[in-house]
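# Compute the structure for the input listed below.
(2 chains)
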Amino acid sequence: MGAEPHLMDHTFYLTMSYAATALAIMAEVVALRIRRARARRNIEEERDLETQD
Amino acid sequence: MNFYYFSSPSSFYRLAGAMAPYFFAAAIVTGIAGMYAGFVVAPTDAQQGEVYRVIFIHVPAAWMSMLIYFVMACYGGICLTFNTRLAAMMARALAPTGAMFTFVALWTGAFWGRPTWGTYWVWDARLTSELVLLFLYLGFIALANAFEDPRRGDRAAALLALIGLVNLPIIYFSVQWWNTLHQGSSVSFKGTSMHVAMLWSMLLMAICFWMYAIGAALVRVRTIILERERRTQWVRNLT
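Below you'll find the model as predicted:
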């Protein structure tokens, strides 16, 4: 009986640690995809401009 | 096999693209195995209870924060010595992932510290030097992007990375040099005092983070190559 509140307290600290790690990794993956998409878009835009010229 | 072939951005772009998915796949497999071992196989700690399971991400993240910085500084050194473009790009590609792992190490350390030490933060030598490492990463990223000419940014940031190397032995030996609240190493080349299931969980998560870091750096360096080489014919032929 005494172990349950103890476990509940630790659940908060474990959740905050693992959730923050998962969020940090997901944020990095999203940032990577956005940056790559922007780089490819810039290349295509420059190529289109040159084709118009 | 001529390794100089892969020092060319166009050759490395293809090699990195071929390798990155394998590293991400290895990260997922070892991550699942590490989580299973950490939450199902590893027993509850007699003194700390369940909260000790934070170490399965805290310790590997702290290891990666130092290892990535060391590799980044090595690339910085190669950039300054041989003036190679790819080394500078690799250093830039590693910095955000290193900063992310340093943040994770500090954050998870705080959430482990609160129930065990009674505080989220203390100006302890280990914690403070790890915070300095985060500032070094952020400084590197800011300095690398502060110049209009990216090659000048590369050189300035590489110099900062090399100077910042002095912080790594301070982080590692801080628990021996000073009387810190942070405990000493539980794992060393001489052995460990940990339960074998706990050790394996931590090692699997370390491999997971390592694989992820390599995969993320390879994907990012491909983007940097695209940004820098966008006016070359081989890049235009890609899209």
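
# Check the burial of residue B:136 by counting its neighbours.
By other C-beta atoms under 10 Å in any protein chain shown, 24 other residues sit near residue B:136. No exception for glycine: its C-beta is placed from N, CA and C like everyone else's.

# Same question for residue A:46.
Residue A:46 has 14 nearby residues by other C-beta under 10 Å.

# How about residue B:191?
Residue B:191: 7 neighbours (other C-beta under 10 Å).

# Ramachandran coordinates for it?
In terms of degrees, to the nearest 10, the main-chain angles of residue B:191 are phi 150, psi -170.

# Mind listing the residues bridging to it?
Note on residue B:191: beta-bridge partners by DSSP bridges are residue B:188.

# What segments of chain B are helices?
Along chain B, counting by DSSP state H, helices occupy B:9-36, B:55-82, B:85-117, B:125-144, B:150-164, B:167-177, B:196-228, B:233-238.

# Would you mind listing the buried residues in the second one?
So the one you mean is helix B:55-82. B:55-69, B:71-80 (16 or more other C-beta atoms under 10 Å in any protein chain shown).

# cool, the shortest one as well?
Going by neighbour count (16+ other C-beta under 10 Å), the buried part of helix B:233-238 is residue B:235.

# Could you confirm whether it reaches chain A?
Yes - Helix B:233-238 reaches chain A (C-beta under 8 Å from any C-beta of the partner chain) through B:235-236, B:238.

# Quick check: residues of chain A near chain B?
Contact residues, chain A versus chain B (C-beta under 8 Å from any C-beta): A:6-7, A:9-11, A:13-14, A:16-18, A:20-21, A:24-25, A:28-29, A:31-32, A:35-36, A:39-40, A:42-44, A:46-47.

# one step back: near chain A too, which of the buried residues of helix B:55-82?
Restricting those to those near chain A - C-beta under 8 Å from any C-beta - leaves B:57-58, B:61.

# Looking at the residues you listed, spot the one nearest chain A.
Distance to chain A, by C-beta to the nearest C-beta, is smallest for residue B:57 among those, at 5.1 Å.

# List the contacts of the closest one.
Residue B:57 is in contact with A:17-18, A:21, B:104, B:108, B:205, counting by C-beta atoms under 8 Å, 6 or more residues apart in numbering or on different chains.

# Just the buried ones from those residues?
A:17-18, A:21, B:104, B:108, B:205.

# I'd like those residues as a markdown table, with distance to residue B:177 appended.
Converted to a markdown table, those look like this (distance: C-beta to C-beta, whole Å):
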| residue | distance to residue B:177 |
| --- | --- |
| A:17 | 28 |
| A:18 | 32 |
| A:21 | 29 |
| B:104 | 25 |
| B:108 | 24 |
| B:205 | 28 |
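
# Just want the angle from the helix or strand hosting residue A:12 to helix B:196-228.
Using DSSP states H and E, the secondary-structure element containing residue A:12 is helix A:3-52. Helix A:3-52 runs at 20 degrees relative to helix B:196-228, counting by axes from the mean of the first three to the mean of the last three C-alpha atoms, to 10 degrees.

# With distance to residue B:46 as extra columns, can I get the ones next to chain A among the buried residues of helix B:55-82 in TSV?
Putting those into TSV (distance: C-beta to C-beta, whole Å) gives the following:
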residue	distance to residue B:46
B:57	21
B:58	19
B:61	25
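
# Tell me the one of these nearest residue B:126?
Distance to residue B:126, by C-beta to C-beta, is smallest for residue B:58 among those, at 11.9 Å.

# doesn't residue B:103 make contact with that closest one?
No - with contact defined as C-beta atoms under 8 Å, residue B:58 does not reach residue B:103; the gap is 11.8 Å.
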